[in-house]
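from the sequence below, what's the structure:
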Amino acid sequence: MADEQPSGGSEEGMEEDEAMEEEEETDSEGAPARVYLPGQPLAEGEELVRDEAAYRLYQRAQSGAPCLSFDIIRDNLGSERTDYPLTLYLCAGTQAETAQGNRLLVMKMHNLWGTKETCSDSESESSESDEEEEEQRKPLLDIAMVPHYGGVNRVRVKDLGETQVAAIWSEKAQVEVWELKEQLKAVSQAEAMSTFLREKQSKLQPIFAFGGHMIEGFAIDWSPTVAGRLATGDCNKNIHVWEPTEGGGWSVDQRPYAAHSRSVEDIQWSPNEATVFASCSADASIRIWDTRASPGKACMLAREAAHEADVNVISWNRLEPFIVSGGDDGLLKIWDLRKFKDGDSVAKFKQHSGPITSVEWHPTESSVLAASGADNQITQWDLAVERDQEVGEGEGQEVTLASLPPQLLFIHQGQEDIKELHWHSQCPGLLISTAQNGFDIFRTISV
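Predicted coordinates:
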C-alpha cells in the first residue's frame, strides 16, 4: 500500500505496485508461466505479472495531477550510489484539469529499497520482526510545491554555481526560470517545510521569464559546456538562444533560428562544442546549428527526411559522436555525426508500435540507451551487441523471442501514456519515468 507523507495537504505518496505481483514459475492452475511480449494476445483468464527477479529496484510514486515532464536534480549524496536505500530529488510540473490547478513540484524520494529475494516456504510465514522490517522498508515521498498558472510542458534543471534552477516551458506560451533553493530546503528539513508552507509557498515567483515565442513549445535544453546558456524552441518553428548576463538574468536573441517548417519538438546541445546544438521537428527533419553564425545562416547540417513522420525526441551521446532520434513512426534511429550529411542512419530499431515519446543515452555507457513509446513500453538497448540480421525484418509476423533484435535488453511495462524518462547519473542503471498514472523508479538486471 502507499506510504504517504503529505506536504502541504497533498495526498502524494510512493507505493510498491500491488497489481504487479512476483511472477511464479507456475500459474494458479499449475501451468508453466510464460514470457509475455508486447503484441501477443492474452488468453482468457491470463494476466500480466512482474518478474521480481528481473529488477534490482522497483518503486512507484503518485504526484496528484499527472506530470508531462520532469528532470533529476543533482545532489551531494555522492556518485556511483548502489547501496540501498536510495534517495532521489526530482523537479516536475503538472498537467492539471484547470490552469489554476497546476503546480511546480520539487520531490524527495527516499528510503527506496531494492527488491527482495524470493522467500522459501519455510520463511514466508509472517512474524512480528517481518512486519517491522516491512514497515521500515516503506518508500517515502516529500513534496514542496508552488502554484503555477498553466500546465508545464517541459522541465529542465541546471546547476548555476551553487544555485539550482529549473527552466519551464509552459502552455501559457512563456519560458520561465525558477530557483529551487527554498523547495529543496523544505523537502530536506521538517522545520523548513513548515516555514515554507506558512511563509513562502504562495510567494515564490520565477526569477526570469521570456514571452517572445508568442506560442507554447516543448523544446528546451541547457548547455552542458557554458553555464546558463539555454535554447528554447516553439510550436511555430522558431528557436531562441539565451545568454546569461551579469546580475543573474538572461539576454535572449530576438532573431529566431527558423530553418524548420513546423513545430520544434526537441533540442540538444553538443556535450563538447559550446556553440553547437541539434534540433528535431514535426517537419520530419533533424538539424545541426552553430551559433557563431547569424540565426539565418546557422543551420550547418540537415537531414530533411530523418523519419517518415514527426521527429519527437533526440538525445546526443555524451561519449561518442552519435545522436539517437525517435519519431511518430515508432522508429529509433542512430545517426553518426561524422557521416550525417552523407547517408541514412547507421542503425534503426522498430520495437515500439506507437510514437516514441522519450529517448536518452545512458550517462556513462556509450552503447546503452532507453526509450519510451505511446504503446506503454519502455525499452532498454545495448548497441554493442552484434547484429545478426537487419533490425525490423519480419514485421507483421508473429512476435517471438527469436524475432526480437539482439540489441534489445529489456521491456518494461505497467505505465499508461508514458511521457518522459531519464537515467539517474549518480545511481548507475536507475531509470525514472513519468506517465499518466504516475512515476516508475526502477533498475533492471540488464543495466
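
which secondary structure state does Ala53 sit in?
Assigned by DSSP: H, G, I helix; E, B strand; the rest coil, the conformation of Ala53 is helix.

state the distance from it to Val35.
Noted for Ala53: a distance of 12 Å to Val35, by Cβ to Cβ, to the nearest Å. C-beta here means a position set from N, CA and C on the backbone, and glycine is covered the same way.

same question, Val241
48 Å.

so for stretch 433-446, mean pLDDT?
Average pLDDT, stretch 433-446: 97.

only C-alpha atoms, please: export it in PDB.
Extracted in PDB, the C-alpha atoms of stretch 433-446 (Å, rounded to 0.1, in the frame of the first residue of the first chain):
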ATOM      1  CA  SER A 433       9.800   7.600 -16.000                       C
ATOM      2  CA  THR A 434       6.600   9.700 -15.800                       C
ATOM      3  CA  ALA A 435       3.200   8.700 -17.200                       C
ATOM      4  CA  GLN A 436      -0.500   9.400 -16.900                       C
ATOM      5  CA  ASN A 437      -0.600   7.100 -13.800                       C
ATOM      6  CA  GLY A 438       2.500   8.400 -12.000                       C
ATOM      7  CA  PHE A 439       6.200   7.800 -11.800                       C
ATOM      8  CA  ASP A 440       8.100   4.500 -12.000                       C
ATOM      9  CA  ILE A 441      11.600   4.200 -10.500                       C
ATOM     10  CA  PHE A 442      13.400   1.000 -11.400                       C
ATOM     11  CA  ARG A 443      16.700  -0.700 -12.100                       C
ATOM     12  CA  THR A 444      16.700  -3.900 -14.200                       C
ATOM     13  CA  ILE A 445      19.200  -6.700 -14.100                       C
ATOM     14  CA  SER A 446      20.200  -5.800 -17.700                       C
END
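
so how far is that stretch from its chain's centroid?
Computed by Cα atoms, centre = their mean, to the nearest Å, the chain-centroid distance of stretch 433-446 equals 9 Å.

how about that stretch: buried residues?
Residues Ser433, Thr434, Ala435, Gly438, Phe439, Asp440, Ile441, Phe442, Arg443, Thr444, Ser446 are the ones in stretch 433-446 that count as buried (16 or more other Cβ atoms under 10 Å).

the stretch 201-350 of the chain: strands as residue ranges?
Taking DSSP state E, counting those that start in this stretch as the test, the strands found in the stretch 201-350 of the chain are 208-210, 217-222, 230-234, 239-244, 250-252, 264-269, 276-281, 286-290, 299-303, 311-316, 322-327, 332-336, 347-349.

low-confidence stretches in the stretch 51-200 of the chain?
For the stretch 51-200 of the chain, the stretches with pLDDT under 70 are 117-128.

so where do the strands sit in it?
Counting by DSSP E, counting those that start in this stretch, one finds strands in the stretch 51-200 of the chain at the ranges 55-62, 67-72, 86-94, 103-112, 140-147, 152-160, 163-170, 174-179.

the last one pairs with which strands, parallel or anti?
It stands for strand 174-179. When sheet partners are counted by DSSP bridges, strand 174-179 sits next to strand 163-170 (antiparallel), strand 208-210 (antiparallel).

swap in the second one?
Strands that pair with strand 67-72, judged by DSSP bridges, come out as strand 86-94 (antiparallel).

what's the answer for the fourth one, then?
Each strand that pairs with strand 103-112, with its direction, by DSSP bridges: strand 86-94 (antiparallel), strand 140-147 (antiparallel).

Gln183 touches Asp142, doesn't it?
No - between Gln183 and Asp142 there is no contact under Cβ atoms under 8 Å: 10.3 Å.

neighbour count for the two, which is higher?
Neighbour totals were compared for Gln183 and Asp142, and Gln183 leads with 30 against 21 (other Cβ atoms under 10 Å).

ok, that one to Lys200 distance?
Using Cβ to Cβ, Gln183 is found at 9 Å from Lys200.

same thing with Leu57?
The value you get for Leu57 to Lys200, if Cβ to Cβ is used, is 33 Å.

if we can go back for a sec, Lys339 is nearest to which of the strands paired with strand 103-112?
strand 86-94 (36.6 Å; Cβ to Cβ).

how about that closest one: buried residues?
Within strand 86-94, the residues scored as buried using 16+ other Cβ under 10 Å are Leu86, Leu88, Tyr89, Leu90, Cys91, Ala92, Gly93, Thr94.

same check on stretch 75-82?
Across stretch 75-82, burial judged by 16+ other Cβ under 10 Å covers Asp75, Arg81.

residues touching that stretch, excluding its own?
Thr87, Leu88, Tyr89, Ser425, Gln426, Cys427, Pro428 (Cβ atoms under 8 Å, 6 or more residues apart in numbering).

and the last one, how many neighbours?
Counted with other Cβ under 10 Å, residues neighbouring Pro428 total 17.

surely it touches Thr364?
Yes - Pro428 lies in contact with Thr364 (Cβ under 8 Å); the separation is 7.1 Å.

dihedrals phi and psi, Gly211?
Backbone torsions for Gly211, taken as degrees, to the nearest 10, come to phi -110, psi 10.

ok, now which ones touch the closest residue to it other than its chain neighbours?
Of all residues not flanking Gly211 in the chain, Gln174 sits nearest, at 4.9 Å (Cβ to Cβ, 6 or more residues apart in numbering). Contact analysis of Gln174 by Cβ under 8 Å, 6+ apart lists Gly150, Ala209, Phe210, Gly211, His213.

wait, the second one sits on Ala173?
No - counting by Cβ under 8 Å, Ala173 is not a contact partner of Ala209; they are 10.9 Å apart.

so the residue nearest to Gln62 when sequence neighbours are not counted bridges to which residues?
Of all residues not flanking Gln62 in the chain, Gly438 sits nearest, at 4.5 Å (Cβ to Cβ, 6+ apart). Gly438 has these beta-bridge partners by DSSP bridges: Ala435.

just checking, Gly438 touches Gln59?
No - taking contacts as Cβ under 8 Å, Gly438 lies outside contact range of Gln59: 10.5 Å.

enumerate every residue touching Trp335.
So Trp335 contacts Ile286, Arg303, Ala306, Phe322, Ile323, Val324, Ser325, Ser345, Val346 (Cβ under 8 Å, 6+ apart).

so what's it bridging to?
Bridge pairing for Trp335 - DSSP bridges - gives Ile323.

how close does Leu383 get to Leu112?
To Leu112, Leu383 is 29 Å away according to Cβ to Cβ.

ok, Ala61 next?
From Ala61 over to Leu112 the distance is 10 Å, taken as Cβ to Cβ.
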